[in-house]
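Engineer: Turn this into a model:
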Amino acid sequence: MGSQPTQMPKLAPTFPEWYSPQTGIYSSKYPSIPLPADPFLDVVSFIFSHNHNGQTALIDSSSGSSISHSDLFPLVKSIASGLRSIFGIKQGDVVLLLLPNSIYFPVLFLGVLYMGAIVTTMNPLSTVMEIKKQIVDCKACIAFSILEKAAKFQSLGIPIVCVPENVTLLKENKEFEVFYKLVYGDVNLGTRPVIRQEDTAAIMYSSGTTGASKGAILTHRNLISVVELFVRFEASQYEYSSSKNVYLAALPMFHVYGLSLFVIGLLSLGSSIVVMRKFDANEMVKAIDGYGVTHFPVVPPMLQALTKKAKSVSANSFKSLKQVSCGGAPLYGKTIQDFLDILSHVDFIQGYGMTESTAVGTRGFNTKHFQKYSSTGLLAPNMQAKVMDWITGRFLPPGCTGELWIRGPAVMKEYLNNSRATASTIDKDGWLHTGDIVYIDCDGYLHIVDRLKEIIKYKGFQIAPADLEAVLISHPDILDAAVIGATDKECGEIPVAFLVKRNGNKLTQEAIINYVAEQVAPYKKVRKVIFVESIPKSAAGKILRRELRHSLTSRL
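Structural biologist: Now for the predicted structure:
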């Protein structure tokens with residue numbers, strides 16, 4: 001008999017050390033960062049316990065008004081003292097910041113936290129109806145807003161304190177008299193309340209993985225973990241001192257992305273933050289060149305505006321820029337390449353995070369010989385992940401696509417007054433089910449593919465379809481409604497409404513768009529209306545959005 005061919009033994013697949021085939025857990029490739037063990041530690045005290053050589057902390061981009069690092073903590077203490085003595089704010093009370101970006105935003109935020117109260121934030125463009133809903137939900141007892149909005153907000157039923165745009169206005173206008181007393185009044189706070197790491201620090205509203213907006217409860221420990229991420233990790237990414245960095249704050253501070261950077265993390269490093277009240281492409285150019293901005297965190301529309309301006313400005317512009325980081329919404333490959341072609345000297349990275357994870361998740365990392373610009377980067381220190389088959393519930397190895405679960409000290413405590421939503425988002429083992437469809441490649445880099453969740457991301461802002469559907473259904477001539485996001489190259493996604501109208505009425509797209517616009521913030525507006533005979537739903541009554549997306553595609 002002839003010899004039989006030798007059967008080679010089947011070798012078990014080998015996996016990198018940062019992935020466990022037994023548990024399906026992906027670990028950060030970076031070393032873990034030990035968090036402070038003292039249970040009685042507030043994030044404000046922790047921020048100001050770090051030594052650095054930073055000079056100027058916050059600069060108003062238009063006026064040049066500034067707050068130094070040495071003056072920052074005294075101002076925070078003064079705010080804390082004034083809130084107690086003037087308004088009787090006590091530990092556990094909720095304070096609403098209804099503000100655009102301002103050099104006073106971080107001062108107010110930290111002042112509230114320093115005396116044991118809780119901050120909730122909102123877009124100042126929100127409607128009175130939206131604001132009232134949040135005030136009732138979180139029981140806010142005082143609000144800070146800008147002068148031009150104050151009269152409109154008098155009907156909210158809580159005190160409104162006007163906040164100036166810059167220091168000059170603060171000293172000159174009677175409208176800011178109360179705020180002046182808060183900032184420069186008696187700094188004798190007396191005995192501070194006992195604040196624990198596990199106490200609530202902020203209530204940030206998010207659409208989460210599905211449904212209407214919910215209040216994500218972020219603790220002092222959550223925010224401390226963000227500070228540690230910057231102090232021990234972010235600073236280590238550079239060959240130069242972080243106190244030399246100049247960041248441009250065009251991202252809204254009322255959003256967790258801007259909040260984690262400009263209100264929490266960067267102040268502990270001694271970096272300078274140039275604050276833009278709102279994003280404007282021309283002002284962006286002036287700010288970058290005028291203040292020598294080195295780092296510019298953006299969302300996709302800002303990146304596109306930056307690239308467009310870079311094509312037309314002089315060759316000497318943007319020379320100071322060292323890094324642009326993008327997050328908040330998916331990014332098109334062409335948008336990335338256009339940026340790299342025009343601003344080749346600037347390091348470009350993406351990141352991933354959620355309100356529910358205090359904006360912590362992944363961060364891009366490039367070297368001279370290794371770049372993955374289309375990826376959202378590596379897991380941050382202390383963060384773990386799983387990639388789950390959303391049909392079978394099995395965990396998946398590198399290279400396979402599934403739903404992202406994340407776990408770590410930055411993950412929120414719970415949703416406010418919503419145990420059902422909490423249980424469906426964070427499981428008993430502490431995994432946050434993100435609803436995002438991803439894969440992690442063989443080098444440990446995360447790539448966002450799609451998402452299970454229903455929220456729409458318009459220019460980085462989250463829009464809950466359920467919120468818009470509730471407004472649409474309130475119209476007397478609409479029988480049923482469903483809202484989905486349609487891909488848009490400029491905005492990322494735009495809200496599109498599918499409507500079933502009552503027989504015989506003459507509703508138009510324009511009338512519906514105007515109806516919704518009167519009741520929601522401008523970024524939430526419905527941009528397109530499609531009239532249909534019925535809304536596709538499951539046997540349980542859940543809107544079948546996949547069918548609507550297919551229908552929309554076929555109409556384009």
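Engineer: Just the strands from the stretch 1-150 of the chain, written as ranges.
Structural biologist: Counting by DSSP state E, counting those that start in this stretch, the stretch 1-150 of the chain has these strands, from start to end: 26-27, 56-60, 66-68, 94-98, 118-121, 140-145.
Engineer: Looking at the ones you listed, which is nearest to residue 41?
Structural biologist: Comparing the strands of the stretch 1-150 of the chain against residue 41 with CB to CB, the closest turns out to be strand 118-121 (16.7 Å). Where C-beta positions appear, they are placed from N, C-alpha and C, glycine not excepted.
Engineer: Can you give me the neighbour number for residue 448?
Structural biologist: 20 (other CB atoms under 10 Å).
Engineer: so where is the stretch 101-250 of the chain shaky, pLDDT-wise?
Structural biologist: By pLDDT under 70, the weakly predicted segments of the stretch 101-250 of the chain are 168-172, 187, 207-211, 238.
Engineer: try it again with 90
Structural biologist: For the stretch 101-250 of the chain, residues meeting the criterion pLDDT under 90 lie at 125-127, 147-157, 164-178, 180-192, 206-213, 229-244.
Engineer: what does the stretch 301-450 of the chain give?
Structural biologist: The stretch 301-450 of the chain contains residues with pLDDT under 90 at 301, 304, 312-316, 327-335, 365-370, 390-392, 436-437, 448-450.
Engineer: ok, back up a step: of the strands of the stretch 1-150 of the chain, which is nearest residue 408?
Structural biologist: Taking CB to CB, strand 26-27 is the member of these nearest to residue 408, at 10.4 Å.
Engineer: tell me how far the closest one is from the chain's mean position?
Structural biologist: Here the centre of strand 26-27 is set off from its chain's centre by 23 Å, with CA atoms, centre = their mean, to the nearest Å.
Engineer: And stretch 483-492, by the same measure?
Structural biologist: Mean-position distance between stretch 483-492 and its chain equals 18 Å (CA atoms, centre = their mean).
Engineer: Other residues contacting it?
Structural biologist: Here stretch 483-492 makes contact (CB atoms under 8 Å, 6 or more residues apart in numbering) with 300-301, 304, 329-330, 332, 454-460, 463, 465, 468-469, 472, 493-498, 526-528, 545, 548-549, 552.
Engineer: which among the residues you listed end up buried?
Structural biologist: Neighbour-count burial (16 or more other CB atoms under 10 Å) is assigned, among these, to 300-301, 304, 329-330, 454-460, 463, 465, 468-469, 472, 493-498, 526-528, 545, 548, 552.
Engineer: Would you report which members of these are assigned to helices?
Structural biologist: Secondary structure assignment by DSSP state H places 300, 301, 304, 465, 468, 469, 472, 545, 548, 552 of these in helices.
Engineer: Kindly provide the whole-number mean pLDDT of the longest helix along the chain.
Structural biologist: Identified as the longest helix of the chain according to DSSP H is helix 69-87. Averaging pLDDT along helix 69-87 gives 93.
Engineer: what's it in contact with?
Structural biologist: Counting by CB under 8 Å, 6+ apart, 44, 48, 52, 54-58, 67, 89-90, 95, 106-108, 110-112, 114-115, 117, 142, 159, 178, 181-190, 267, 270 sit against helix 69-87.
Engineer: Now do that helix and strand 94-98, the angle between them.
Structural biologist: When axes from the mean of the first three to the mean of the last three CA atoms, to 10 degrees is applied, the directions of helix 69-87 and strand 94-98 differ by 120 degrees.
Engineer: starting at the chain centroid, how far to helix 69-87?
Structural biologist: The answer for helix 69-87 is 26 Å, by CA atoms, centre = their mean.
Engineer: just stretch 191-203 next, same as before
Structural biologist: 22 Å.
Engineer: And stretch 534-550, by the same measure?
Structural biologist: Relative to its chain's centre, stretch 534-550 lies at 29 Å (CA atoms, centre = their mean).
Engineer: what does stretch 462-470 give?
Structural biologist: Taking mean C-alpha positions (CA atoms, centre = their mean), stretch 462-470 and its chain are 18 Å apart.
Engineer: can you check stretch 239-253 too?
Structural biologist: Relative to the centre of its chain, stretch 239-253 is centred 17 Å away, using CA atoms, centre = their mean.
Engineer: export that stretch as CSV, just CAs?
Structural biologist: Taking Å, rounded to 0.1, in the frame of the first residue of the first chain, the C-alpha atoms of stretch 239-253 are listed here in CSV:
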residue,chain,number,x,y,z
GLU,A,239,6.8,65.2,23.8
TYR,A,240,6.2,68.7,25.1
SER,A,241,4.5,70.1,28.2
SER,A,242,0.7,70.2,28.2
SER,A,243,0.8,73.7,29.7
LYS,A,244,2.1,74.8,26.3
ASN,A,245,-1.0,73.5,24.4
VAL,A,246,-3.7,75.9,23.3
TYR,A,247,-7.1,74.4,22.6
LEU,A,248,-9.9,76.0,20.6
ALA,A,249,-13.3,75.4,22.3
ALA,A,250,-15.8,75.6,19.5
LEU,A,251,-17.6,72.4,20.6
PRO,A,252,-20.5,73.3,22.9
MET,A,253,-19.7,72.9,26.6
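Engineer: what does the model give residue 16 for pLDDT?
Structural biologist: 92.
Engineer: wait, it sits on residue 398?
Structural biologist: Yes - look at residue 16 against residue 398 with CB atoms under 8 Å: they come within range, at 7.2 Å.
Engineer: So for the two, which residue has more residues nearby?
Structural biologist: Just comparing residue 16 and residue 398: by other CB under 10 Å the higher neighbour count belongs to residue 398, 17 against 14.
Engineer: residues contacting the more buried one?
Structural biologist: With CB under 8 Å, 6+ apart, residue 398 has these contacts: 15, 16, 19, 26, 439, 440, 441, 442, 444.
Engineer: Drop anything exposed from the residues you listed.
Structural biologist: Buried members of the contacts of residue 398, scored by 16+ other CB under 10 Å, are 19, 26, 439, 440, 444.
Engineer: And the residue lying closest to residue 395 once chain neighbours are set aside, how far from residue 434?
Structural biologist: With sequence-adjacent residues excluded and distances taken as CB to CB, 6 or more residues apart in numbering, residue 395 is closest to residue 24, at 2.6 Å. From residue 24 across to residue 434, the span is 15 Å (CB to CB, to the nearest Å).
Engineer: who has more neighbours, these two?
Structural biologist: Comparing residue 24 with residue 434 by other CB under 10 Å, the one with more neighbours is residue 434, at 25 against 17.
Engineer: Which strand or helix spans the spatially closest residue to that one that is not a sequence neighbour?
Structural biologist: Nearest residue to residue 434 in three dimensions, chain neighbours excluded: residue 404, at 4.6 Å (CB to CB, 6+ apart). Element membership for residue 404 (DSSP states H and E) is strand 402-407.
Engineer: Relative to whichever helix or strand comes after that strand, what are the paired strands and their orientations?
Structural biologist: Next along the chain after strand 402-407, taking DSSP H and E as the criterion, comes strand 414-415. Sheet pairing for strand 414-415, assigned by DSSP bridges, gives strand 214-219 (antiparallel).
Engineer: Alpha carbons only: can I get the partner strand in CSV?
Structural biologist: Output of strand 214-219 as CSV, limited to C-alpha atoms (Å, rounded to 0.1, in the frame of the first residue of the first chain):
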residue,chain,number,x,y,z
LYS,A,214,-33.2,60.5,29.4
GLY,A,215,-31.1,62.0,32.2
ALA,A,216,-27.7,60.2,32.4
ILE,A,217,-26.5,60.5,36.0
LEU,A,218,-22.7,61.1,36.1
THR,A,219,-21.0,60.9,39.5
